[in-house]
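Enquirer: Predicted model and sequence below, questions to follow.
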Amino acid sequence: MDWFEASGNYVRVHVGKTSHLIRETMNGIESSLNPQMFARIHRAVTVNLDRIKELQPWFAGDYVVILRDGRQLKLSRTYREQLQARMHRIP
């Protein structure tokens with residue numbers, strides 16, 4: 001699984017170029033994920049840390065998470081410091 005996107009009481013699971021909509025909340029999904037492998041980057045997005053290629057600065061202090069497949073996801077300021085600290089620990 002590459003990343004998860006919340007949509008009300010549903011979560012869209014993105015795997016490669018496909019996605020699947022499941023009836024579950026983001027909190028429900030996160031409780032079943034390995035916290036060493038996944039991180040919340042926005043109130044509506046959780047990403048697999050292994051899929052992150054880089055973090056790029058954007059406008060006004062915002063950042064964008066670039067995945068290995070080229071997809072760009074917005075990194076919320078709320079989660080930026082936590083993610084940056086975790087990225088520095090990954091070999």
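Expert: Yep, that arrived. Numbering: from 1, shown residues only.
Enquirer: can I assume residue 70 sits in a strand?
Expert: No - counting by DSSP: H, G, I helix; E, B strand; the rest coil, one finds residue 70 to be coil, located in no strand.
Enquirer: So residue 56 sits against residue 63, correct?
Expert: Yes - in this structure, residue 56 is within contact of residue 63 by CB atoms under 8 Å, at 6.5 Å. To be clear about C-beta, it is placed using only N, CA and C from the backbone, and glycine gets the same treatment.
Enquirer: which of these two has more neighbours?
Expert: More neighbours surround residue 63 than the other of residue 56 and residue 63, with 21 against 12 (other CB atoms under 10 Å).
Enquirer: Distance check, the residue nearest to that one when sequence neighbours are not counted against residue 52.
Expert: Of all residues not flanking residue 63 in the chain, residue 75 sits nearest, at 4.1 Å (CB to CB, 6 or more residues apart in numbering). Relative to residue 52, residue 75 is positioned 10 Å away (CB to CB, to the nearest Å).
Enquirer: so what sits against both of those two?
Expert: Shared contacts of residue 75 and residue 52 (CB atoms under 8 Å, 6 or more residues apart in numbering): residue 65.
Enquirer: residues contacting the residue nearest to residue 63?
Expert: Residue 75 sits next to 41-42, 55, 62-65, 83 when contact means CB under 8 Å, 6+ apart.
Enquirer: so where is this protein shaky, pLDDT-wise?
Expert: Applying pLDDT under 70 to the chain picks out residues 89-91.
Enquirer: Have a look at it and report its longest helix.
Expert: In the chain, assigned by DSSP state H, the helix with the most residues is helix 77-89.
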